[in-house]
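next one to model:
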Amino acid sequence: MNTSSAICLETKADNDFAHVETALARLAETVNTKSAANDNLRSRLDALELKFNRQGLVAANDNNPAGPERKAFDSYLRRGEETKALRVADDTAGGYFVPEYYQAELDRNLVLFSPIRALARVIPTSAPAVVWPNRSSGMTAQWTGETAERSGTSVTFGERRYTVRELSAYVDVSNQMLEDAAMDIGSLLNFEFAESFGKAESAAFVNGASILSPAGFMQDASIGYTASGSPSTIADADGQADGIIDLYHSIKTPYRANAAWGMNSNTLSAVRKLKDKNGDYLASMQGVNNAPATTLLGRPIVELPDMPDVATGSYPIVFGDFSAGYRIFDRISLSIMRDPYTQASSGLTRFWGRRRVAGGVGKAEALRKLKVAVS
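Below you'll find the predicted structure:
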């Protein structure tokens, strides 16, 4: 290779290297620019999150604090404006279905006033009534020889029908409160409706006997009972809680694994005073996440305000697996209709709320009651 050729090759290599350096420099500049843009965007998002999480505006745990559904719903509550985002939730029977985030919060609040919801099996439905098949008798396995004739068994099925019922309530809100942007109207209505509906639901799920309400498990004749052993108390004649122990073991073993005791506060007070022959309390207090939880024979006690008090012939305690024993079907979580006219002379806007729900016993063998009686 001559000298001129070597110089040309060297010059070409230098030029190629220069091009590579230039490309790398441009790439680094682009990366830095995008990084700066990302940092700027992240700062803006953090600022927006801080703004929307301010107390009195929206819930800090809302996954979509500024979404179109929320803005539309808030606009409807405050001014009655019906936007396109709200139209998708139009209830042709009157009112508007609330957004999903609002329904979730309502369900959480409902549990505060309707504790059966935390125990029972809750299922959504789109039908005015639910027909649930249940097997009343099953197949029976039999030992048999190699060539012996096999005998067949038949399976019998029945069904339970759960009719959807409707709850309604209204709340009057000051027009000045609606005009105040700092007031979280959604949360206010959420809690008001949850309290009203929750109390009515709780009473129906326990003692419902009206044709207009769900069927309560205490009114279901298919649920058996165990006698306390005393005509007036939950303890027997010797002051022992043998009736409660019998009630515990009267539930089939598979159901006891997920069972809970249900009773009102007055009965719970009496239960906590029961002692065994050694003088030890049967009920125990256990700390769960720094909150006391009362257990009886190792199973949790849930306060059901609508359960009856201890009295002769009453059924103050229920025990069993509520997830198998009782079913709740939600048809409409909540529909709200804004009425600015009924209370206009008083400076109020009325909000009508309605909820459609069904409820009834599922497997009666999963639940059992304690009756204050000798036998």
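
switch to C-alpha atoms for all contacts and neighbour counts from now on
Fine.

tell me which element the closest residue in space to residue 357 that isn't next to it in sequence falls in.
Sequence neighbours aside, residue 330 is the residue nearest to residue 357 in space, at 4.6 Å (criterion: C-alpha to C-alpha, 6 or more residues apart in numbering). Using DSSP states H and E, residue 330 falls within strand 326-339.

what's the model's confidence in that strand, averaged?
The pLDDT scores in strand 326-339 average 88.

partner strands of it, with direction?
Paired neighbours of strand 326-339 in the sheet (DSSP bridges): strand 96-97 (antiparallel), strand 121-124 (parallel), strand 348-361 (antiparallel).

any low-confidence regions in this structure?
Filtered on pLDDT under 70, the chain yields the residue ranges 1-21, 23-25, 27-104, 135-139, 155-156, 181-183, 286-292.

break down it into its strands, ranges please.
Along the chain, the segments classed as strands by DSSP state E run 96-97, 121-124, 129-137, 156-163, 165-174, 225-227, 260-263, 283-288, 291-296, 299-303, 317-320, 326-339, 348-361, 367-371.

in CSV, list the ones you listed along with mean neighbour count and distance to residue 192.
Formatted as CSV, these follow (neighbours: other C-alpha atoms under 10 Å; distance: least, C-alpha to C-alpha, whole Å):
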stretch, mean neighbour count, distance to residue 192
strand 96-97, 23, 16
strand 121-124, 15, 22
strand 129-137, 12, 27
strand 156-163, 14, 26
strand 165-174, 16, 7
strand 225-227, 21, 37
strand 260-263, 24, 25
strand 283-288, 13, 29
strand 291-296, 15, 26
strand 299-303, 19, 22
strand 317-320, 26, 29
strand 326-339, 21, 12
strand 348-361, 23, 10
strand 367-371, 27, 32
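
show me the one of those that comes nearest residue 311.
Each of the strands of the chain has some distance to residue 311 by C-alpha to C-alpha; the shortest is strand 367-371, at 9.2 Å.

the closest one versus strand 348-361: what angle between them?
Interaxial angle, strand 367-371 versus strand 348-361 (axes from the mean of the first three to the mean of the last three C-alpha atoms, to 10 degrees): 90 degrees.

how about stretch 147-157 as PDB, C-alpha atoms only?
Output in PDB follows, covering the C-alpha atoms of stretch 147-157 (Å, rounded to 0.1, in the frame of the first residue of the first chain):
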ATOM      1  CA  THR A 147     -69.200 -58.100  38.800                       C
ATOM      2  CA  ALA A 148     -72.000 -57.300  41.200                       C
ATOM      3  CA  GLU A 149     -75.000 -55.300  40.000                       C
ATOM      4  CA  ARG A 150     -74.700 -51.600  40.700                       C
ATOM      5  CA  SER A 151     -77.700 -49.900  42.300                       C
ATOM      6  CA  GLY A 152     -78.400 -46.400  41.200                       C
ATOM      7  CA  THR A 153     -79.500 -43.400  43.300                       C
ATOM      8  CA  SER A 154     -81.400 -40.400  42.300                       C
ATOM      9  CA  VAL A 155     -80.500 -36.700  43.000                       C
ATOM     10  CA  THR A 156     -83.300 -34.400  44.100                       C
ATOM     11  CA  PHE A 157     -83.200 -30.700  43.300                       C
END
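
can you say which of the strands paired with strand 326-339 is nearest to residue 207?
Closest approach to residue 207 among the strands paired with strand 326-339 is made by strand 348-361 (10.7 Å; C-alpha to C-alpha).

so that closest one versus strand 165-174, what angle?
Computed by the same axes, to 10 degrees, the angle between strand 348-361 and strand 165-174 is 160 degrees.

just to revisit the earlier point, need the strands of the chain in JSON lines (columns: distance to residue 249).
What follows is the strands of the chain, written out as JSON lines (distance: least, C-alpha to C-alpha, whole Å):
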{"stretch": "strand 96-97", "distance to residue 249": "45"}
{"stretch": "strand 121-124", "distance to residue 249": "23"}
{"stretch": "strand 129-137", "distance to residue 249": "22"}
{"stretch": "strand 156-163", "distance to residue 249": "27"}
{"stretch": "strand 165-174", "distance to residue 249": "35"}
{"stretch": "strand 225-227", "distance to residue 249": "10"}
{"stretch": "strand 260-263", "distance to residue 249": "13"}
{"stretch": "strand 283-288", "distance to residue 249": "17"}
{"stretch": "strand 291-296", "distance to residue 249": "13"}
{"stretch": "strand 299-303", "distance to residue 249": "12"}
{"stretch": "strand 317-320", "distance to residue 249": "10"}
{"stretch": "strand 326-339", "distance to residue 249": "20"}
{"stretch": "strand 348-361", "distance to residue 249": "21"}
{"stretch": "strand 367-371", "distance to residue 249": "10"}
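
closest to residue 214 out of those?
Nearest to residue 214, of all the strands of the chain, is strand 348-361, at 4.9 Å by C-alpha to C-alpha.

excluding covalently adjacent residues, which one is nearest to residue 310?
Residue 310's closest residue in space is residue 316 (C-alpha to C-alpha, 6+ apart), at 5.5 Å.

distance check, that neighbour against residue 203.
Residue 316 is 14 Å from residue 203, where distance means C-alpha to C-alpha, to the nearest Å.

neighbour-wise, which of the two wins?
The neighbour comparison of residue 316 against residue 203 (other C-alpha atoms under 10 Å) goes to residue 316, with 24 against 21.

that one against residue 305, yeah?
No - contact criterion C-alpha atoms under 8 Å: residue 316 and residue 305 do not qualify, at 10.8 Å.

tell me, how many residues neighbour residue 345?
For residue 345, the neighbour count with other C-alpha under 10 Å is 9.
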